[in-house]
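In: turn this into a structure:
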Amino acid sequence: MATITTLSEFIMDRQAEFPFASGELSRLLADIGIASKIVNKQVNKAGLQDILGSEGTENVQGETQQKLDVYADVAFINYFKSGGLVCGIGSEENDEYLAFDTEISKRGKYVVLFDPLDGSSNIDVNVSIGTIFSVFRRTSSVGDLANINDFLQPGIDQVAAGYVIYGSSTMLVYTTGHGVNGFTLDPSIGEFCLSHPRMIIPEDGKIFSVNEGNLNDMEESVKEYITHCKAEKYSARYIGSLVSDFHRNLIKGGIYLYPSTKRNPKGKLRLLYECAPLAFIIEQAGGLATDGEKRVMEIRPEELHQRIPFFIGSKKMVEDALKMRKED
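Out: Numbering: from 1, shown residues only. Alright, predicted model coming up:
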């Protein structure tokens, strides 16, 4: 019988990779796993409880909040606040960052930025959705309240990033800069178990993921690349849930594109909550992530809800897309 390694066991085994962390980062990652199980439980019961549909409010992005959006946001915030390892959070669902003001929280070494429920427009139709998270060491003094500079850090300063996908099975995938590993939730024991060790994205792929409904508003170079993908008979796969599209491409090889458009000239996806954490993961898995001009990991954010164009996936496919941009 094969030996099963749980998420907690794996994290503890890898603790030596972070001698400066004294176990806090390991415990924080374990806490994220527990919080995601709480959200997963509600996601799986969504059709049986009054938790589907709109909350009747909008987030800072001007998007209608779903009931599960709000539930997931509150669940993660409460867990981070009670854990004592995090001094503040930034959430895609909230206008401003939240600095925890308890004495134990102010001693926390980390800040977490997260999208509590990515792809929430798919909640009501039972399509895979997910949570994306990014962890930074605080830059402010331990014991003080967290401030905006703790959150406006470039992706290269992340100490951990990952996502949870709630689908046919629930998976947690994360990196701490030492490769990418995936864990599948075993409902029989209530534990995430190592199922995808040392994840590597194929250098090339045959899948392109883009919302072609926006095609007429895209740059000519992007249109040319999409035409190239079709000429090569690549498969068009677009779920409309970033985590789901990214996860499939990570395993099978492919490219995800959300370029600038006339409607969203600065791009639509959020640098801190979506692009930077996924860029950390894809680079650790051997792929590339760019805004079309520069490496996503090197972009220094200027605001919490900054948006950027986004090209991410297999190395060769991203390079081909960039080559067409340069030739345009």
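In: and the helices in the protein?
Out: Ranges of helices in the chain, per DSSP state H, are 7-13, 24-44, 67-83, 103-106, 148-151, 220-231, 242-252, 276-284, 315-327.
In: a markdown table for those, including mean pLDDT and distance to Gln306?
Out: The way it works is simple: take the backbone N, C-alpha and C, and place the C-beta from them, glycine included. Below are the helices of the chain laid out as a markdown table (pLDDT from 0 to 100; distance: least, CB to CB, whole Å):
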| stretch | mean pLDDT | distance to Gln306 |
| --- | --- | --- |
| helix 7-13 | 90 | 31 |
| helix 24-44 | 89 | 23 |
| helix 67-83 | 90 | 19 |
| helix 103-106 | 93 | 26 |
| helix 148-151 | 98 | 11 |
| helix 220-231 | 96 | 21 |
| helix 242-252 | 97 | 16 |
| helix 276-284 | 98 | 10 |
| helix 315-327 | 91 | 21 |
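In: compare those and give me the one nearest His196.
Out: Closest to His196 of these is helix 242-252 (CB to CB; 7.7 Å).
In: on that earlier part again, out of the helices of the chain, deepest packed?
Out: helix 276-284 (a mean of 26; mean count of other CB atoms under 10 Å).
In: work out the gap between that one and the centre of the chain.
Out: 9 Å (CA atoms, centre = their mean, to the nearest Å).
In: check stretch 209-221 too.
Out: 23 Å.
In: between the helices of the chain, which one is closest to Ser121.
Out: Smallest distance to Ser121 across these (CB to CB): 9.9 Å, for helix 67-83.
In: quick one: the closest one to helix 24-44, angle?
Out: Helix 67-83 and helix 24-44 are oriented at 150 degrees to each other (axes from the mean of the first three to the mean of the last three CA atoms, to 10 degrees).
In: so that it lines up with my notes, have the first residue be 370 from now on.
Out: Sure, I'll start counting at 370 from here, so that last one is helix 436-452.
In: which secondary structure elements does helix 436-452 contact?
Out: Applying 3 or more CB pairs under 8 Å, 6 or more residues apart in numbering; DSSP states H and E, we find helix 436-452 packed against helix 393-413, strand 423-427, strand 455-460, strand 479-487, strand 498-506.
In: all set now, cheers.
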